[in-house]
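S.K.: sequence and predicted structure are below.
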Amino acid sequence: MAGIGFQLAKMARDGGIGGIVGAALHGTAISAGPWLVTAASVVVLAQWSRFGMTVADAALVRSILIYAFSLTAVIAAPIGILTTRLASDALFAGESARIPGIVGPALMLGGTIAAVVAAVLFGWVAPLPFDTALLTTLLFAILTQIWITAPLITAAQRYGMVLTAYLAGIAVIAAAIALLPGPDASQVLGAIVAGLAVTLVMLAIVLVRRFPAPARLPSQSLISRRQGMLVALAGLLSVMAIWIDKWMLWFGPQSVQTIATLRLNPINDFGSFLGLLTLVPGLTLMLIVTETRFDRAFSDLMARCTGTSRLGRIEEARADVIATMFDGLRVLLISQLIVAASAWVLAVPLIDLIGADIRVIFAFRQTALGAVFHLIAIASTVVLAYFNLFGRIVAVWGAFTLTSAIATVWLWQVGVGAFGWGYLAGAVMAAAIGVAMVANATVNLIFMLFVGNNPAVVGSGGRLL
């Protein structure tokens, strides 16, 4: 991702005002596209009944999309992060011909699992009419494949295509719905599936043109089985950490039954997704500024370790890595605190503007505050990924998930006022553990590079923690 950041930073530096805007938009699409689409869709769908849909149809579509976004994110996360890691390793090894054999099976696996989950959920657990269930199954499969594909477009150095593909899909959805007078649920789902299909096809075309080799399964693994499992588990837990409190509160105070036995919590869902939007500026800043600076400092350290530098010069580079991390954390923390403070102050007029229930203010404010610590946790796991310590990344996101679940249960009877506290508690715990693990690894970094995490010493699987 640092390579993307370098390109976007150059765009912002050399392109004037337009370059800055373009870099920000591309960075937003690359770093936070799925979260942005999820939150924006929930917010917009809450208002769709005003534009010709019946209240029942709007509620049905909203319920399907919330389930689709949450479950496809979980399905795609372990597959997507492992696919991205394997593709990156293949590029680094100069073996780009192996990438189609990595990406193709990943898309098939993700799409198949998502389709089965949707068919079981909406064809059996909460049976829908056949056409609606079929469209929902397609929605699950296509959305999962988009989550897997989008990060890989950056390997083709077509960063703007991610944003363009999202915009094209949105345009198709908007145009299709606008042409339908009083659309019903199936028609709206059809429009959404068509728009997502356009997005997926555009992304797939870029990948096929960039990597035209036949899709053959790799004859040998690029990483060890244990490390692959840790990478996949890290991706899975990073998404579950976001959703665990929301899933639990679908059966908590203010929750409602939507489709047969399926439930949602409109008050918490709306406020939480709106609060998650406050992560977007911080993620974009991390991609364009802080990670690129850290990448330079860490690359200099690695060059000295693999060259002829003496210990004193290597220690100087390590000190520069530490200074860069502190500076990056300061920039991220200040910027995200400003965003969170603005969210708290402007919460009431914002909620009034979009016509939402004022009770979403609790989930919105708590989530916006939790996003500050969530961003710190993300930054910590980025550093740990550079250090190749995926076991520690699993520990960070595992602590986030477990703490969020415990806090949600603990405050179960408090009601609306406690919405968002589970996410906030989990984010605080993850940030604390992440910073502590990064600090420990950085203090022992030279030992880790030469001995403690050296594959020649500890094996190809690397350290567990």
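M.R.: Okay, I see it.

S.K.: need the contact list for Met53.
M.R.: Applying Cβ atoms under 8 Å, 6 or more residues apart in numbering to Met53 gives the contacts 61, 182-185, 188. C-beta coordinates here come from the backbone N, C-alpha and C atoms, glycine included.

S.K.: and the pLDDT for it?
M.R.: Met53 carries a pLDDT score of 71 in this model.

S.K.: what do you get for the one 5 residues further on?
M.R.: The score at Ala58 is 79. That number is its pLDDT.

S.K.: now do Gly5
M.R.: 41.

S.K.: off-centre distance for the host helix or strand of Ala363?
M.R.: According to DSSP states H and E, Ala363 maps onto helix 360-386. With Cα atoms, centre = their mean, to the nearest Å as the basis, helix 360-386 stands 12 Å off its chain's centre.

S.K.: after it comes which helix or strand?
M.R.: Once the chain leaves helix 360-386, the next helix or strand it forms, by DSSP H and E, is helix 390-410.

S.K.: what's that following helix packed up against?
M.R.: helix 225-249, helix 360-386, helix 421-443 (3 or more Cβ pairs under 8 Å, 6 or more residues apart in numbering; DSSP states H and E).

S.K.: what residues sit buried inside it?
M.R.: Going by neighbour count (16 or more other Cβ atoms under 10 Å), the buried part of helix 390-410 is 390-405, 407-408.

S.K.: ok, back up a step: pick the most deeply packed of the helices and strands packed on helix 390-410.
M.R.: Comparing the helices and strands packed on helix 390-410 by mean neighbour count (mean count of other Cβ atoms under 10 Å), helix 360-386 ranks first with a mean of 25.

S.K.: what lies in contact with the helix or strand encompassing Ala114?
M.R.: Here Ala114, judged by DSSP H and E, is contained in helix 99-120. If you take Cβ under 8 Å, 6+ apart as the criterion, helix 99-120 is touched by 68, 71-72, 75-76, 79-80, 82-83, 86-87, 90-91, 133, 136-145, 147-149, 152, 155, 207-208, 211-218.

S.K.: what do you get for stretch 332-348?
M.R.: Residues contacting stretch 332-348 (Cβ under 8 Å, 6+ apart): 275, 278-279, 281-282, 285-286, 290, 350, 358, 361, 364-365, 368-369, 371-372, 375-376, 379.

S.K.: circling back: counting by contacts, list what the helix holding Ala363 packs against.
M.R.: helix 266-276, helix 279-285, helix 291-306, helix 311-354, helix 390-410, helix 421-443.

S.K.: can you put those in CSV and add mean pLDDT?
M.R.: Shown next, in CSV, are the helices and strands packed on helix 360-386 (pLDDT from 0 to 100):
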stretch, mean pLDDT
helix 266-276, 89
helix 279-285, 81
helix 291-306, 89
helix 311-354, 92
helix 390-410, 96
helix 421-443, 96
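
S.K.: out of the ones you listed, nearest to Leu237?
M.R.: Closest approach to Leu237 among these is made by helix 390-410 (3.6 Å; Cβ to Cβ).

S.K.: that closest one vs helix 225-249, what angle?
M.R.: 10 degrees (axes from the mean of the first three to the mean of the last three Cα atoms, to 10 degrees).

S.K.: which of the contacts of helix 99-120 are buried?
M.R.: By 16+ other Cβ under 10 Å, these give 68, 71-72, 75-76, 79-80, 82-83, 86-87, 90, 133, 136-145, 147-149, 152, 155, 207, 211, 215 as buried.

S.K.: I'd like the next helix or strand past the host helix or strand of Ala141.
M.R.: If you go by DSSP H and E, Ala141 is part of helix 130-153. Of the helices and strands lying after helix 130-153 in sequence (DSSP H and E), the nearest is helix 159-178.

S.K.: give me the helices and strands touching that following helix, please.
M.R.: Counting by 3+ Cβ pairs under 8 Å, 6+ apart, the packing neighbours recorded for helix 159-178 are helix 2-14, helix 16-45, helix 130-153, helix 185-210.

S.K.: CA atoms of that helix as CSV?
M.R.: Provided in CSV are the C-alpha atoms of helix 159-178 (Å, rounded to 0.1, in the frame of the first residue of the first chain):
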residue,chain,number,x,y,z
TYR,A,159,-5.3,3.6,-8.8
GLY,A,160,-8.0,5.8,-10.3
MET,A,161,-9.9,2.8,-11.7
VAL,A,162,-11.0,1.9,-8.2
LEU,A,163,-12.8,5.2,-7.8
THR,A,164,-14.0,5.2,-11.4
ALA,A,165,-15.5,1.7,-11.1
TYR,A,166,-17.3,2.6,-7.9
LEU,A,167,-18.7,5.8,-9.5
ALA,A,168,-19.8,3.9,-12.6
GLY,A,169,-21.6,1.3,-10.5
ILE,A,170,-23.3,4.0,-8.5
ALA,A,171,-24.4,5.8,-11.7
VAL,A,172,-25.9,2.7,-13.1
ILE,A,173,-27.9,2.1,-9.9
ALA,A,174,-29.1,5.7,-9.7
ALA,A,175,-30.1,5.8,-13.3
ALA,A,176,-31.9,2.5,-13.2
ILE,A,177,-33.9,3.5,-10.1
ALA,A,178,-34.7,6.9,-11.5
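
S.K.: quick one: it to chain centroid distance?
M.R.: Worked out by Cα atoms, centre = their mean, helix 159-178 lies 19 Å from the chain centre.

S.K.: now swap in stretch 303-321 and tell me
M.R.: 34 Å.

S.K.: what does stretch 309-327 give?
M.R.: 31 Å.

S.K.: in it, what's buried?
M.R.: Neighbour count says stretch 309-327 has 309, 314, 317-318, 321-322, 324-325 buried, by 16+ other Cβ under 10 Å.

S.K.: of the residues you listed, which is the nearest to Ile267?
M.R.: Met325 (38.6 Å).

S.K.: can you tell me the distance between the two ends of stretch 380-392?
M.R.: End-to-end span of stretch 380-392 (Cα to Cα, to the nearest Å): 10 Å.

S.K.: give me the contact list for that stretch.
M.R.: 1, 227, 230-231, 234, 238, 286, 291, 294-295, 298, 325, 393, 396-397, 430-431, 434-435, 437-438, 441-442, 445, 448, 453, 462-465.

S.K.: please compute how far that stretch lies from its chain's middle.
M.R.: 17 Å.

S.K.: tell me the domain ranges of this structure?
M.R.: 46-222, 273-458 (automatic domain parsing).

S.K.: want to try TSV for the ones you listed, with distance to Leu262 as columns?
M.R.: Shown next, in TSV, are these (distance: least, Cβ to Cβ, whole Å):
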stretch	distance to Leu262
domain 46-222	5
domain 273-458	18
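
S.K.: between those, which one is nearest to Thr261?
M.R.: Closest among the domains of the chain, once you apply Cβ to Cβ, is domain 46-222, at 6.1 Å.
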